[in-house]
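Enquirer: Quick check, what structure comes out for this input:
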Amino acid sequence: MLPAVRPPILRHLFILCRSRFRIHRHGHSPARLPRALRALALSLTACGGNNNSSSNSNGTGNSNTGSAARAIKTMGFRDLRVVAPREPGYRTHEEAVAYATSSVDVLEASRMHDTLAEALEGVTFAWALTGYDREFGPPMSPLRPAAERSVAWLDEMEGDIAFVFGTERSGMTNEEVMLCQGCAAIAADPASPSLNLAQAVQITAYEMHMALMAAEGHEGELYDWQSRFEHEQPASVEAVEGFFRHWEEAMTACGVHDPANPKFLMPITRRLFGRSGLTQTEIDLLRGICAAIIRPKRERKGSKTGV
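Expert: Numbering: from 1, shown residues only. Below is the predicted model:
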C-alpha cells in the first residue's frame, strides 16, 4: 500500500508545445525517496506561436492547457512549460483556470519558451508523441515500453527525459520531431486514432506514473486514501451465525421461507453472503433490516428483536 500523501516529485517534466508536451527529469530529486514516490515535475510547453491549429477564437488552446495541467497533477507531475502560446496571459485566462480546477497552481507556475529547442534545454532524451513514424525521424515505440525505458534510464544518465506533444489538429512537424531522440505512440483504433490533446497528456502521464510505481514494487496498488475501508476486519463466526438465524426468522415472517419445507433458501443465502466476507458494520445493517421485516418500527417501541 502506498502512503496517503506522496512527497513532492522532482524528477520528471512534461512539456506541451502549443499543443506539445514533455516530461523532464530534474537532477535534484531526493535520493532517500523511492522513485515512484517522488513528485514528478511536469513541464508543459506550447510551441509554434503562429500555428493556429492548437488554439482558436473560442479558446480551445486555453482549455487544453488548463486540462493538461490538471491531467499531469493527478499523476504527480508539477512543472509545466508552454512554448510560444497564442495568448501569453494563458496562466490567468478564465477558461484555462476553469479547466485546471484544483491544479491552478501548476498552471500559474508554468513557464513560457519561445521555441521547442529552448524548452528542451537540459534534456538528455526527448520522446515525440506522434501517431505515426516519419521516414527520417527517430525510431518509433509504443508508449508503455517508452515509459518503462524512461524509468530505467533515470538512474543511468544525467539530464532530463521529455515527452513532447504536437498541435491537436496537425500534430508535430517533421522539424520538431527531429529535435527528439525517439517517437512514442498511444495505441489507438485505426478507425479513429485521433486523441484530444489533454487526453493524450493524461494517458502519457498515467503510463509514466504506473511505470514508476512498478519499478518500486508497487504495481497494481492504490494509495491509502483510495482504500480507506480495505482493512475493516471481517465479522466473527458468532456474529455471522447470529445474522443467519435472524435472517431465517425475517424470511419466515415475510412468507419467503417455510421452515417446514425449507428448500434451498438458507444454503443459497449462506453461499451468497459467504462470498462477500461480511464485516461487523454490514452485519449490523442487515440485522436492522431483519428486525424491520419481523416487527415494523412503529411496533417495536424501542426494543430490539433478534437472536
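
Enquirer: backbone phi and psi for the nearest residue to Arg70 once chain neighbours are set aside, please?
Expert: The shortest distance from Arg70 to any residue other than its chain neighbours is 4.2 Å, reached at Ser103 (CB to CB, 6 or more residues apart in numbering). C-beta: built from backbone N, CA, C; applies to glycine. In terms of degrees, to the nearest 10, the main-chain angles of Ser103 are phi -110, psi 20.

Enquirer: Quick one: residues contacting Val106.
Expert: Applying CB atoms under 8 Å, 6 or more residues apart in numbering, we find Val106 in contact with 42, 69-70, 72-73, 77-78, 80, 100.

Enquirer: What sits closest to it if chain neighbours are left out?
Expert: Spatial nearest neighbour of Val106, excluding adjacent residues (CB to CB, 6+ apart): Ala69 at 4.3 Å.

Enquirer: CA atoms only for the helix or strand that neighbour falls within - export them in PDB, please.
Expert: Element membership for Ala69 (DSSP states H and E) is helix 60-74. Written as PDB, here are the backbone C-alpha positions of helix 60-74 (Å, rounded to 0.1, in the frame of the first residue of the first chain):
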ATOM      1  CA  THR A  60      -9.600  25.800 -27.300                       C
ATOM      2  CA  GLY A  61      -5.900  26.200 -26.600                       C
ATOM      3  CA  ASN A  62      -6.600  27.600 -23.200                       C
ATOM      4  CA  SER A  63      -8.900  24.800 -22.200                       C
ATOM      5  CA  ASN A  64      -6.300  22.300 -23.400                       C
ATOM      6  CA  THR A  65      -3.600  24.000 -21.400                       C
ATOM      7  CA  GLY A  66      -5.700  24.000 -18.200                       C
ATOM      8  CA  SER A  67      -6.800  20.400 -18.800                       C
ATOM      9  CA  ALA A  68      -3.200  19.300 -19.300                       C
ATOM     10  CA  ALA A  69      -2.200  21.000 -16.000                       C
ATOM     11  CA  ARG A  70      -4.900  19.100 -14.300                       C
ATOM     12  CA  ALA A  71      -4.000  15.800 -16.000                       C
ATOM     13  CA  ILE A  72      -0.400  15.900 -15.000                       C
ATOM     14  CA  LYS A  73      -1.000  16.900 -11.400                       C
ATOM     15  CA  THR A  74      -3.300  13.900 -10.900                       C
END
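
Enquirer: For it, buried residues please.
Expert: Across helix 60-74, burial judged by 16 or more other CB atoms under 10 Å covers 60-73.

Enquirer: now swap in stretch 215-233 and tell me
Expert: For stretch 215-233, the neighbour count (16+ other CB under 10 Å) marks 215-216, 218 as buried.
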